[in-house]
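K.L.:
I'll drop the sequence and a predicted model, then ask my questions.
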Amino acid sequence: MASKKIKKLLISNRGEIACKIILCAKKLKIPTLAIYSEADINSLHVQLADEAVLLPGSLVSETYMNSSAIIKIAKKYKANAIHPGYGLLSENADFVELIEKNNLIFIGPKSQIVRSMGEKDKAKSLMEKAGIPVVPGYHGNNQEEDYLKNKADKIGYPLLIKARAGGGGRGMRVALSKKTFSSSFKEATSEAKTNFNDKNCILEKYISKARHIEIQIFADKYGNVIHLFDRDCSIQRRQQKVIEEAPSPQLSDEIRSFLGALSVKAAKFIQYEGAGTIEFVADVEKGLDKNKIYFIEMNTRIQVEHPVTEAVTSTNLISWQLEIANGSKLPKLQNDIKLNGWSIEARLYAENVNNNFLPQSGIIHHLNFPSLSKHKNCTLETGIKDGDYITPFYDPMIAKIISHGVNREDAIVKLNNYLSEFEIAGITTNLNLLKKILNHKDFKKENFTTKFIEENVNDLIDNNIDNYLKALTSLIVFKSLNVFQTDNWYMWKPTEYPLNISIKGVEERFSIACLNFDTFEIKFGNFKYTCTSTIFTKTSIEANVNGKYLSIKYNLFVDKFTNNKIFTLFTKNNTYEVLFSNILISGDDEDKNLDEIISAPMHGIIKHNNLKPNIKVKKGDVLLSLEAMKMEYSLKSPRDGIIEKILIKDGQQVTEKMKLIILKK
C-alpha cells in the first residue's frame, strides 16, 4: 500500500504535548512547524520547533481552533502533515476533513471515524452493533428539554448529562434529581457549545460508585490492531483527571484480557488507524465484575496520560503515531507487548484547590524542577519555563510528572520524592493536593473510586500550617528585613521585635528576640519557640525549633507596584505563601460590604446575555457566566436584591477580583 511520506510536520497545539511531538519528530528527522498565539509568543514549543508562525489573537477560537488559518499556514510553509496533539482540534471531524480535502496527512484516523466516535451518541450506537456493552441511557437525536426530561425519568436519577462531542470533562453535569435537571442541562449544553460548537447532549445513568478504566489501542493501515493494556484514571475533579496510573489496580488477569480483547474488537469493527483509547466505566458497588464494565467513549487521539502506558510497555507512542502515518506497520505486535512494573502520572495544574479548584493565572516567577539524574525513574513533560505567564485562555495544566517503579508502592514513593523537591512560585497550584493524594491511606490501599477527591476533600485541601513551621517562617521574613545583621542591633538588643505577616491569607502577629547570632526566641498567640543552631542562606533556613530539626527552602518576590514582599515556602509536604505588606500602603479602600459586590473569581470572559439594571434577583440566581481555561462557571447572586449597576460588557475580558455587578436591597 503506497503512502505519502511526511516532509514537514505542523503541530496544531501548544504546551507540553506540542513540545513532545516536536522532540519526537526531530528524532525521526522530520522538520517541524509550530503555530502560536499572541499569548504564547515566548512559549517553549515555539523555541523548540524548526519554524514557528504567529496566529494573531489569544482566544482559542482565533488561534488554535482556527481550522482555515492553520491549513493556510501549512500550505504556505509547505508542511504536508498535521499533528493535532490532544484537546483543541484533535477530535474535530470538520478539521480532519479539511486536512484530507487539502491532500495533507493527518496524524490520526480518517475524518469519518473521528466524526462517528467523536459524537458520543453515534459512538454508543456503533459499539452496541459491535457487541460492546454500553452505559444505560439515551443517545438519540431528539434534544428537546421536555423530551429529555421524560427520558431522564425513565433512566432514573442521579443522571449524567454529557456533551456528545469533545471530551476532557467539558460539557458534563450531574443531575441529582428532577429538580436540578433543567439547570444542569442548560449548563452542560452551554459549555458544550462553547468548547465544541455543538450543544447536543446524551444522557447516561450516573454510576455513583465507579472506576474509570481505559485501554490504549493502536492500529496501522494494514489491519493490524493491538492493545497496550490498561490505565486507571479514577482520581478526578470536575470530571477531569488528576492522577493516572498503569496498569489499573485490582484488575484480575481475566478482566485485563477481557477488556483488551474487547477494545481490539471495537477498533477492528470501525477499521481504526493510529492511536486511540477505549474508555470504560466500572460499577464497583460490589467489587470489580467484568459484567458491570461499560463502554463510555472512544478518544480518537493520543491521551494526556499516555506516558504511563509508555513507561510500562517500553514504547514511544508519539513516535509510533508518526511512523504509522508515514506508512509503516506497527513496530510491535500483541505478543511483543509486555507489562513492566508500574507507572503513575500526576498533573500539576494552576488552580486553587481551596476555592473549588478554580483555575488560576499569573506569572511564574520561580520554577525549579528536581534533578532527573537524582530521580532517574521519573520524567517531566512540560511546556512551561521560569518567567512564563499562565494565561486565562487555555487549559491550566502546567506539567505532568511520571514515575516508573517495580511495583505500585515503589512508583508512589518515587513520584512523592520528586514532588517533594518541586518548587513553583507566583501562582497557586495543586502541588500540595498531589502529594496528599499519594500519601492518603485509601489511595495507597487501592481503595478509591471516581469520587475519591470529592469524598476526601477535607483531608486533601490545604490546611493550617504547623506552628513549628510558622515559627521558622517568621524568621525568614525577619531575616529579609536585615534588622539583626548590624552590630548596632546586637548592642541594642531589644527584648522583642514585632512582626506582622500573612501566612496563607491569615494575619499572624509575632515577636522575635535575638538571643545570640544563631539563637532566636519567637512568640505568637500563646506559643513560644526557641530556634537554635539557625543557619540562613539566600534561599533556605534550617534550625532546631524547640529541639525539632526543620528546614525550609523559599523564594522571595518583591511586588514592584506595592513593594510588598511575597515569600513562597517549600517544605517536603507543603508549599505555601507568606505576605509581608508595605505598611505605607493603606487597605482602607477595601469594600466593607462584599454582599453588595459581585466580583470575578478569576481571569476570564464574561457572558451576561440580556442582564439589565433594576432587575429583581433572588439568592442563587445565575447572573453571569465566566468562561476561563476552557470551562464555564456560573456566578450567582449572594442574596435577594436588585441589580443597581452592571460594570462590564457582554464578552468582556475580566481579571481576578474585578467588580462586575453592584446589588442594592
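P.N.:
Received, thanks.
K.L.:
could you give the number of residues near residue 103?
P.N.:
Residue 103 has 9 neighbours, counted by other Cβ atoms under 10 Å. The C-beta positions use only the backbone N, C-alpha and C, and glycine is treated the same way.
K.L.:
correction: residue 326
P.N.:
16.
K.L.:
domains for this protein, by residue range?
P.N.:
When the chain is parsed with automatic domain parsing, its domains come out as 9-107, 136-205, 210-460, 467-580, 594-664.
K.L.:
the fourth one - what's its average pLDDT?
P.N.:
On average, the pLDDT along domain 467-580 is 87.
K.L.:
how distant is that domain from the center of its chain?
P.N.:
33 Å (Cα atoms, centre = their mean, to the nearest Å).
K.L.:
and what of the last one?
P.N.:
The gap between the average C-alpha position of domain 594-664 and the chain average comes to 25 Å, counting by Cα atoms, centre = their mean.
K.L.:
so where's the stretch 551-665 of the chain uncertain?
P.N.:
582-595, 602-603, 608-609, 628-632, 655-656 (pLDDT under 70).
K.L.:
what are the boundaries of the strands in it?
P.N.:
Taking DSSP state E, counting those that start in this stretch as the criterion, the stretch 551-665 of the chain carries its strands at 565-570, 575-580, 597-599, 604-607, 616-617, 622-628, 631-636, 641-646, 653-654, 659-664.
K.L.:
as CSV, these with mean neighbour count and distance to residue 214 would be great.
P.N.:
As requested, the strands of the stretch 551-665 of the chain are exported to CSV (neighbours: other Cβ atoms under 10 Å; distance: least, Cβ to Cβ, whole Å):
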stretch, mean neighbour count, distance to residue 214
strand 565-570, 21, 34
strand 575-580, 20, 31
strand 597-599, 17, 39
strand 604-607, 21, 30
strand 616-617, 14, 43
strand 622-628, 21, 27
strand 631-636, 19, 22
strand 641-646, 16, 45
strand 653-654, 20, 36
strand 659-664, 18, 39
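K.L.:
for residue 444, find the nearest of the ones you listed.
P.N.:
Of all those, strand 575-580 sits nearest to residue 444, with 21.7 Å by Cβ to Cβ.
K.L.:
what's the closest one in contact with?
P.N.:
423-425, 428-429, 431-432, 462, 465, 473, 476-477, 480, 501-504, 564-569 (Cβ atoms under 8 Å, 6 or more residues apart in numbering).
K.L.:
repeat that for 6 Å
P.N.:
The contact list for strand 575-580 (Cβ atoms under 6 Å, 6 or more residues apart in numbering) reads 431-432, 473, 477, 501-504, 565-569.
K.L.:
partners of that strand, with directions?
P.N.:
strand 497-503 (antiparallel), strand 565-570 (antiparallel) (DSSP bridges).
K.L.:
assumed residue 279 was part of a helix.
P.N.:
No - under DSSP: H, G, I helix; E, B strand; the rest coil, residue 279 falls outside any helix and is assigned strand.
K.L.:
is it true that it touches residue 213?
P.N.:
No - counting by Cβ atoms under 6 Å, residue 279 does not reach residue 213; the two are 7.9 Å apart.
K.L.:
beta partners for residue 279?
P.N.:
With DSSP bridges as the rule, residue 279 is bridged to residue 214, residue 297.
K.L.:
looking at the chain, which strand is longest?
P.N.:
Secondary structure of the chain per DSSP state E: the longest strand is strand 225-237.
K.L.:
look up the closest residue to residue 28, ignoring the ones flanking it.
P.N.:
In space, residue 28 comes closest to residue 322 once its chain neighbours are excluded; the distance is 5.8 Å by Cβ to Cβ, 6 or more residues apart in numbering.
K.L.:
count of residues packed around that neighbour?
P.N.:
22.
K.L.:
repeat for residue 601
P.N.:
17.
K.L.:
tell me how far it lies from residue 621.
P.N.:
Distance of residue 601 to residue 621, computed by Cβ to Cβ, to the nearest Å: 17 Å.
K.L.:
same question for residue 414.
P.N.:
49 Å.
K.L.:
try residue 304
P.N.:
Taken as Cβ to Cβ, the span from residue 304 to residue 621 is 36 Å.
K.L.:
same question, residue 236
P.N.:
Distance from residue 236 to residue 621, by Cβ to Cβ: 29 Å.
K.L.:
of those two, who's got more company?
P.N.:
Set side by side, residue 236 and residue 621 show more neighbours around residue 236, with 19 against 13, by other Cβ under 10 Å.
K.L.:
need the contact list for the more buried one.
P.N.:
residue 450.
K.L.:
who's it bridged to?
P.N.:
residue 241.
K.L.:
again, but for residue 606
P.N.:
residue 626.
K.L.:
pretty sure it is touching residue 654, no?
P.N.:
Yes - using Cβ under 6 Å, residue 606 is in contact with residue 654, at 5.5 Å.
K.L.:
please report how far the residue nearest to residue 556 when sequence neighbours are not counted lies from residue 463.
P.N.:
Spatial nearest neighbour of residue 556, chain neighbours left out: residue 567 (5.5 Å); criterion: Cβ to Cβ, 6+ apart. Distance from residue 567 to residue 463, counting by Cβ to Cβ: 19 Å.
K.L.:
ok, residue 548 next?
P.N.:
19 Å.
K.L.:
likewise residue 665?
P.N.:
Residue 665 is 37 Å from residue 463, by Cβ to Cβ.
K.L.:
do residue 207 as well
P.N.:
31 Å.
K.L.:
repeat for residue 25
P.N.:
Separation of residue 25 from residue 463 (Cβ to Cβ) stands at 45 Å.
K.L.:
who has more neighbours, the two?
P.N.:
Counted by other Cβ under 10 Å, residue 25 and residue 463 do not tie: residue 25 has more neighbours, with 26 against 13.
K.L.:
A helix includes that one, no?
P.N.:
Yes - residue state for residue 25 (three-state DSSP) corresponds to a helix.
K.L.:
where do the strands sit along the stretch 251-400 of the chain?
P.N.:
Under DSSP E, counting those that start in this stretch, the stretch 251-400 of the chain gives strands at 274-283, 293-299, 342-349, 351-352, 358-359, 362-363, 366-368, 378-382, 389-390, 397-405.
K.L.:
distance from the fifth one to the middle of the chain?
P.N.:
On the basis of Cα atoms, centre = their mean, the separation between the geometric centre of strand 358-359 and that of its chain is 10 Å.
K.L.:
one more: the last one?
P.N.:
For strand 397-405, the gap between its own C-alpha mean and the chain's C-alpha mean amounts to 12 Å (Cα atoms, centre = their mean).
K.L.:
need the contact partners of stretch 528-548.
P.N.:
468, 471-472, 476, 479, 518-522, 551-553.
K.L.:
got JSON lines for the strands paired with strand 575-580, with distance to residue 458 too?
P.N.:
Formatted as JSON lines, those follow (distance: least, Cβ to Cβ, whole Å):
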{"stretch": "strand 497-503", "distance to residue 458": "20"}
{"stretch": "strand 565-570", "distance to residue 458": "23"}
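K.L.:
got the strands of the stretch 551-665 of the chain as TSV, with distance to residue 405 columns?
P.N.:
Converted to TSV, the strands of the stretch 551-665 of the chain look like this (distance: least, Cβ to Cβ, whole Å):
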stretch	distance to residue 405
strand 565-570	24
strand 575-580	24
strand 597-599	45
strand 604-607	39
strand 616-617	54
strand 622-628	36
strand 631-636	33
strand 641-646	55
strand 653-654	44
strand 659-664	48
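K.L.:
nearest to residue 450, out of these?
P.N.:
Of the strands of the stretch 551-665 of the chain, nearest to residue 450 by Cβ to Cβ is strand 631-636, at 18.2 Å.
K.L.:
mean confidence for stretch 245-265?
P.N.:
Rounded mean pLDDT across stretch 245-265 is 96.
K.L.:
does the residue nearest to residue 556 touch residue 553 like I think?
P.N.:
No - with contacts counted by Cβ under 6 Å, residue 567 stays clear of residue 553, the gap being 10.8 Å.
K.L.:
right, I'll leave it there.
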